[in-house]
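*Asks:* predicted structure and sequence below. I'll ask about it afterward.
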Amino acid sequence: MSFQSATILMAAINETFSLIQTVEIILDTCQPADIGEFIVVVCERSTPECIAAAEQAKEIAETAGHPLTILWQKRPFAGGAYRDGIDAARCSHLVLMSSDLETDPHSVSGLIEMAKRYPDDMITASRWLEKAAFKGYNPVKLILNKVFQGMFSLFYGSSTTDITYGFRIVPTTLYQSIRWEEDKHPFFLESAVKPIRLGVKVHEIPTKWVARQEGESQNSFFATFKYLRPAIRTRFMRRDEILKQEEKERTKV
Ligand SMILES: Nc1nc2c(ncn2[C@@H]2O[C@H](COP(=O)(O)OP(=O)(O)OP(=O)(O)O)[C@@H](O)[C@H]2O)c(=O)[nH]1
Ligand SMILES: [Mg+2]
């Protein structure tokens, strides 16, 4: 497979200017031909200001010649939002990111460049490749994050340094062929470990993380521990348990 263009997928619940800036920075820093479409996933809990921002972002993107779909999610929670977006994506590659500026939109062009070089692989942005990449991260969570990263990469025999961070580019068909299970934030981990279990190669690019300036995270401190479940479950899953039924029939695994 080769890189044709990217679907930029982000969910939004309480973001306004962060969502608009995310779209604007991507339009400013990426080659226009590389951006096939934007999908912004919203739900009933998304604030009216957030919906208005999504509509404004749609106008900005479409004026620049890029379709932007505002998708009302059917599955619940953060994982459900991204899973609905994955089903709707139409480009060869998919960028998974947030709309709260905690996934630096300046890194999208770097992810796309790597996807052109390694179109069959997963390229993840990592906050652990350069010093002082975290700004405003809860110090206790930071230590926990480092410990989790070490544990998970050892457990999976993978050299990835930021397996819990939901900021990456993948071949769209890869994500569409996987049977996803997590509805909530642990989906961000599931969406890294299932491809790894399938033997997909991973490359990383460095990125910086700055705490959101508006709204609040939908993930509580204690919910972080729920990442352990998909991490442990997936480690022992067979390839045919990870893939959807129709994909199993197609590839006869
Ligand atoms: N549509 C939709 N978007 C959501 C939902 N929950 C979270 N989001 C969005 O998903 C993205 C990531 O969610 P956050 O709650 O910021 O989580 P996080 O930054 O990964 O979590 P922490 O770093 O652990 O705080 C943000 O852009 C949110 O707006 C949801 O239920 N529905
Ligand atoms: Mg966030």
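*Replies:* Sure, I can see it. Ligands and ions are numbered 1, 2, ... in the order given.

*Asks:* how about the residues of the protein by ligand 1?
*Replies:* With Cβ under 6 Å from any ligand atom as the criterion, the chain comes near ligand 1 at residues 10-13, 15, 41-43, 46, 73, 77-78, 81, 98-100, 102, 166, 185, 188, 217-219. For the C-beta atoms, the positions are set from N, CA and C on the backbone; glycine is no exception.

*Asks:* of the residues you listed, list those near ligand 2.
*Replies:* Restricting the residues of the chain next to ligand 1 to those touching ligand 2 (Cβ under 5 Å from the ion) yields 100, 102, 217.

*Asks:* contacting residues for the closest residue to the last one other than its chain neighbours?
*Replies:* Closest residue in space to residue 217, ignoring its immediate chain neighbours: residue 100 at 7.9 Å, by Cβ to Cβ, 6 or more residues apart in numbering. The neighbourhood of residue 100, defined by Cβ atoms under 8 Å, 6 or more residues apart in numbering, consists of 15, 18-19, 212, 214-215, 217.

*Asks:* now with 7 Å, please.
*Replies:* Residues in contact with residue 100 (Cβ atoms under 7 Å, 6 or more residues apart in numbering) are 15, 18, 212, 215.

*Asks:* same thing with residue 93?
*Replies:* Contacts of residue 93 (Cβ under 7 Å, 6+ apart): 3, 6, 115, 169-172.

*Asks:* quick revisit: do you know how far the residue nearest to residue 217 is from residue 154?
*Replies:* 30 Å (Cβ to Cβ, to the nearest Å).

*Asks:* out of the contacts of residue 100, which is most surrounded?
*Replies:* Among the contacts of residue 100, residue 15 has the most neighbours (other Cβ atoms under 10 Å), with 28 neighbours.

*Asks:* name the SS class of that residue, please.
*Replies:* Of the three states, residue 15 takes coil under DSSP: H, G, I helix; E, B strand; the rest coil.

*Asks:* got it, and the one 3 residues further on?
*Replies:* Going by three-state DSSP, the secondary structure assigned to residue 18 is helix.

*Asks:* contacts only, for it.
*Replies:* Going by Cβ under 7 Å, 6+ apart, the list of residues near residue 18 reads 99-101, 212-214.

*Asks:* need the residues of the stretch 151-253 of the chain near ligand 2, please.
*Replies:* residue 217.

*Asks:* show me where the stretch 151-253 of the chain has helices.
*Replies:* Taking DSSP state H, counting those that start in this stretch as the test, the helices found in the stretch 151-253 of the chain are 172-177, 187-197, 228-235, 239-242, 245-251.

*Asks:* ok and the residue in the stretch 101-250 of the chain nearest ligand 2?
*Replies:* Ranked by Cβ to the ion, the top residue of the stretch 101-250 of the chain for proximity to ligand 2 is residue 102, at 4.1 Å.
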